[in-house]
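*Asks:* Dropping a prediction and its sequence here:
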Number of protein chains: 2
Amino acid sequence: MGDNRSIEEITMGMKADSYRMASLSAEARNRILDAVKKELKDSKAKIFEANEKDLFNAKRDNISEAVIKRLKFDEHKLDDVLRGIDQLIGLTDPINKINFRRQLDEGLILEQVTCPIGVIGIIFEARPDALVQISSLCIKSGNCAILKGGKETANTNKVLFDIIYNAAVKAGAPEGCMHQAEGHSEIDELLKCHKSVDLIIPRGSNAFVSYIMNNTKIPVMGHADGVCHTYIDRDADIKKACAIAVDAKTQYTAACNATETLLIDRAVGDENIKTIATALKDAKVKIRGNKEVANLLGCEEMEEKEYCTEYLDMVISLKLVDGVDEAITHINRFGSHHTDCIITENKATAEHFMQLVDSAGTYQNCSTRFADGFRYGFGAEVGISTGKIHARGPVGLAGLTTYKYKLYGEGQIVSDYAEGRKNFDFKELS
Amino acid sequence: MGDNRSIEEITMGMKADSYRMASLSAEARNRILDAVKKELKDSKAKIFEANEKDLFNAKRDNISEAVIKRLKFDEHKLDDVLRGIDQLIGLTDPINKINFRRQLDEGLILEQVTCPIGVIGIIFEARPDALVQISSLCIKSGNCAILKGGKETANTNKVLFDIIYNAAVKAGAPEGCMHQAEGHSEIDELLKCHKSVDLIIPRGSNAFVSYIMNNTKIPVMGHADGVCHTYIDRDADIKKACAIAVDAKTQYTAACNATETLLIDRAVGDENIKTIATALKDAKVKIRGNKEVANLLGCEEMEEKEYCTEYLDMVISLKLVDGVDEAITHINRFGSHHTDCIITENKATAEHFMQLVDSAGTYQNCSTRFADGFRYGFGAEVGISTGKIHARGPVGLAGLTTYKYKLYGEGQIVSDYAEGRKNFDFKELS
């Protein structure tokens, strides 16, 4: 792009133009997405070529296999993101939706209408598919975006961004509606732009997200840890429990929604506890537990305070509890308010757990790994929020919108109401 | 209360118990509100006596008349807050509401359900009625609250809080669900409690709100300035325009939703501009404007950059613009994204303005002073948000809630879907 402006200048310009992006019609935004999709498809050779460079560099620099797997962008991943764009095009427009319409008095009508947030800064890990998902979510929701991806995919990101941005502008998006920051120092510049950036979404390690939160006045929507629990209740179906525990731990250990701690009700009985432990061991999971667990299973002993550990590996903490209430207390104390599951056939116990566990996701009888924007039917996600403000859990289009109040009058003034000459006459309108 | 614990200890305890507050039924929360209402009514002599002390001290300390007016708590204000509690009891329960219900696959049902935020810290100015409003909103929404009011109403606040808290606990609220911080130093202690406090709502001066934002990791929902605009378009009804401009400026100058800048379309014509100016002068409003305005009206001249001034007084900035687009650009640049109004009989111009002005409230043909929780039909408000995240404009019950995802399964695991043995089958359920 040959842009020599500072991040502050770029985001100030974006802010000034964000109203143009916000006022594009739903058809216009879908048309832009369609153009982006076509252009990505037509330019795949160029994308794969850039990705080869990143892969070559990563191998040369001895980057871990797990990271290399994530930064690889092949035919399969391209198909996935193109399908994602198609889904997004099909989703109902998230903006200009009237949440409610209320008469305050005759001829004084209040509407709460959804609208884009404005300018969003997104800092994400080395995953080229994330760049495509994030920018398409922003286009669909009418937001301007400043993107900063992981340095290990710099070549792929550059090519992808240029394709997306140029296709979007050619199809009618305002110039400057998106920008890709390429230097690492630009993150600190971005954090200072509280006058022009409305929201920062950081993705990455816990330490990184904390750093962002500590160094900006801009509201931050991110997740800290992913210390998820699966609790096996006395009324659990043990076969389901084993399958779910294994899936929740092993299906993708590097994900934030993988289960890190297994809580088992003592009333399940030693025999069943051993069955569950065997299922995990058979799946190559290492079990750690407090003295009681270590004595029962002969596993590695751990201290009580370690129960807040996020392993992101084939290791699980195990603890025995006296029923659902102790499980709830443990989860609310040691968990990260991400996603926690109860395995039980008892409906009342499940409801009690799901009501009192203070997490973005509370599950019954399924894997914590389901906590994901695509699996929730959101088309894609910009991240998973463990905060409680604005958006919680996987964040899709709805999390990228806010609302404004529109009030239509016929000359009404407040002094008439304050001095009793008129009275409000509230009425809900359809 | 004779409580010697630190604010951190108090809020940690509150956090641990917040799940109990959250799980009270709607009936239980309404019963508590009713008990609070009765107790406030029965204890009015005690409340008024405490308020007399505050009034005496305020006069002794030469506190300004405007502040004294706000801190006075008399029969009239008591009636207002009691009516507010009645309204709150009548409002639909804001929590445990299913926002949507979706089948992800057969037997795998996702629900997005509203719930309280948890522990909310509210720092407010010297207004005893605010204490009653805020604590009743928190009870109705199932939140725990830590309250810090202005020091000028320390006596009234203490009596009010004790009445509310004791009545609430006696009627079934968990002990420790509310706390009143009395020392000023406790604000800084509170700002450090990011592990136990989910949201801070500061009310007060711009400098104060900025101080809070700069000194905490806790999400802050507050408003900065209230630089509201009224724009008089070429298609305005000039009679309406005069009445609205006068009301918006003078009905209560100390409020954040009072108009600070009047923009007038040059096409309105000098004659009409003078009529509008005369209406303001007759209402004792001092007009300031740039060179063009000063030359036309003979008023005080001001610099362009002063157009971001919040007077909170009988003074207004005036500027002439070339139509609605210049007005929009001016407001988005100099305004504070609070509430801005267009006076026009032209529906298309109004829609254009209301769409493109990036404020919490965009109005047509009515006073900016309508931006208020009670006037919006929310029963009461905890404040007005000029941020765009979570809640915008007057914040009532909905702004004090968040949501969680509940996922009900029958043993589903993610590997079945990842490896193609099963496919998602999304279906919206009622």
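*Replies:* Happy to help now that I have it.
*Asks:* which residues of chain A score low on pLDDT?
*Replies:* Judged by pLDDT under 70, chain A has its weakly predicted residues at A:1-3, A:224.
*Asks:* Show me the domain layout of it.
*Replies:* A:7-222+A:387-404, A:228-370 (automatic domain parsing).
*Asks:* Looking at those domains, spot the one closest to chain B.
*Replies:* The minimum distance between chain B and the domains of chain A falls on domain A:228-370, with 2.8 Å, by Cβ to the nearest Cβ. In this view, the C-beta of every residue, glycine as well, is placed from N, C-alpha and C.
*Asks:* Adding distance to B:Asp34 and mean neighbour count as columns, could you present the domains of chain A in a markdown table?
*Replies:* A markdown table is the format used below for these (distance: least, Cβ to Cβ, whole Å; neighbours: other Cβ atoms under 10 Å in any protein chain shown):
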| stretch | distance to B:Asp34 | mean neighbour count |
| --- | --- | --- |
| domain A:7-222+A:387-404 | 26 | 19 |
| domain A:228-370 | 24 | 20 |
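*Asks:* so can I have JSON lines of those domains showing distance to chain B?
*Replies:* Converted to JSON lines, those look like this (distance: least, Cβ to the nearest Cβ, whole Å):
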{"stretch": "domain A:7-222+A:387-404", "distance to chain B": "4"}
{"stretch": "domain A:228-370", "distance to chain B": "3"}
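*Asks:* JSON lines please, covering those domains and showing distance to B:Asp79.
*Replies:* JSON lines is the format used below for the domains of chain A (distance: least, Cβ to Cβ, whole Å):
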{"stretch": "domain A:7-222+A:387-404", "distance to B:Asp79": "21"}
{"stretch": "domain A:228-370", "distance to B:Asp79": "37"}
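*Asks:* same for the longest strand along chain A, what does it pack against?
*Replies:* Counting by DSSP state E, the longest strand found in chain A is strand A:401-412. When contacts are defined as 3 or more Cβ pairs under 8 Å, 6 or more residues apart in numbering or on different chains; DSSP states H and E, strand A:401-412 packs onto strand A:98-105, strand A:108-116, helix B:238-250, strand B:361-366.
*Asks:* Can you check what angle separates the shortest one from helix B:238-250?
*Replies:* Here strand B:361-366 points in a direction 130 degrees away from that of helix B:238-250 (axes from the mean of the first three to the mean of the last three Cα atoms, to 10 degrees).
*Asks:* What pairs with strand B:361-366, parallel or antiparallel?
*Replies:* Strand pairing for strand B:361-366, using DSSP bridges, gives strand A:401-412 (parallel), strand B:339-343 (parallel).
*Asks:* will you turn the ones you listed into TSV that also has distance to B:Tyr405?
*Replies:* Converted to TSV, the strands paired with strand B:361-366 look like this (distance: least, Cβ to Cβ, whole Å):
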stretch	distance to B:Tyr405
strand A:401-412	18
strand B:339-343	34
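*Asks:* and the nearest residue to A:Gly379 once chain neighbours are set aside, what element?
*Replies:* Once flanking residues are discounted, A:Gly379 sits nearest to A:Gln87: 4.2 Å by Cβ to Cβ, 6 or more residues apart in numbering or on different chains. Assessed by DSSP states H and E, A:Gln87 sits inside helix A:75-90.
*Asks:* With only the CA atoms kept, save that helix in CSV.
*Replies:* Only the C-alpha atoms of helix A:75-90 are listed here, as CSV (Å, rounded to 0.1, in the frame of the first residue of the first chain):
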residue,chain,number,x,y,z
GLU,A,75,-6.5,-25.8,-0.7
HIS,A,76,-8.4,-27.3,2.2
LYS,A,77,-8.1,-24.2,4.4
LEU,A,78,-9.0,-21.9,1.4
ASP,A,79,-12.1,-24.0,0.9
ASP,A,80,-13.0,-23.6,4.5
VAL,A,81,-12.7,-19.8,4.5
LEU,A,82,-14.6,-19.5,1.2
ARG,A,83,-17.4,-21.6,2.7
GLY,A,84,-17.3,-19.3,5.7
ILE,A,85,-17.8,-16.2,3.5
ASP,A,86,-20.7,-17.9,1.8
GLN,A,87,-22.3,-18.6,5.2
LEU,A,88,-21.7,-15.0,6.3
ILE,A,89,-23.4,-13.7,3.1
GLY,A,90,-26.4,-15.9,4.0
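*Asks:* Show me what that helix is in contact with.
*Replies:* A:30, A:33-34, A:36-37, A:40-41, A:44, A:47-48, A:128-129, A:132-133, A:136-137, A:140, A:374, A:379-380, A:397 (Cβ atoms under 8 Å, 6 or more residues apart in numbering or on different chains).
*Asks:* do stretch A:340-347 as well
*Replies:* Under Cβ under 8 Å, 6+ apart, the answer for stretch A:340-347 is A:228-237, A:240-241, A:244-245, A:248, A:259, A:324, A:327, A:331, A:349-350, A:353-354, A:357, A:359, A:361-368.
*Asks:* Which one of the strands paired with strand B:361-366 lies nearest to B:Ile7?
*Replies:* strand A:401-412 (31.2 Å; Cβ to Cβ).
*Asks:* tell me which strands and helices the helix or strand just after that closest one is in contact with?
*Replies:* Using DSSP H and E, the next helix or strand after strand A:401-412 towards the C-terminus is helix A:414-418. Using 3+ Cβ pairs under 8 Å, 6+ apart as the contact test, no helix or strand touches helix A:414-418.
*Asks:* in the stretch 101-250 of chain A, which spans are helices?
*Replies:* A:128-140, A:154-170, A:186-191, A:206-214, A:238-250 (DSSP state H, counting those that start in this stretch).
*Asks:* Which among these is found nearest to A:Ser430?
*Replies:* helix A:128-140 (26.6 Å).
*Asks:* Please save the CA atoms from the closest one in PDB.
*Replies:* Coordinates of each C-alpha in helix A:128-140 appear next as PDB, following Å, rounded to 0.1, in the frame of the first residue of the first chain:
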ATOM      1  CA  PRO A 128      -3.900 -16.900   7.700                       C
ATOM      2  CA  ASP A 129      -7.500 -18.200   7.900                       C
ATOM      3  CA  ALA A 130      -8.100 -15.900  10.900                       C
ATOM      4  CA  LEU A 131      -7.200 -12.900   8.700                       C
ATOM      5  CA  VAL A 132      -9.900 -13.900   6.200                       C
ATOM      6  CA  GLN A 133     -12.500 -14.700   8.800                       C
ATOM      7  CA  ILE A 134     -11.900 -11.500  10.800                       C
ATOM      8  CA  SER A 135     -12.000  -9.200   7.800                       C
ATOM      9  CA  SER A 136     -15.100 -10.800   6.400                       C
ATOM     10  CA  LEU A 137     -16.900 -10.500   9.700                       C
ATOM     11  CA  CYS A 138     -16.000  -6.800   9.800                       C
ATOM     12  CA  ILE A 139     -17.300  -6.200   6.300                       C
ATOM     13  CA  LYS A 140     -20.600  -8.000   7.000                       C
END
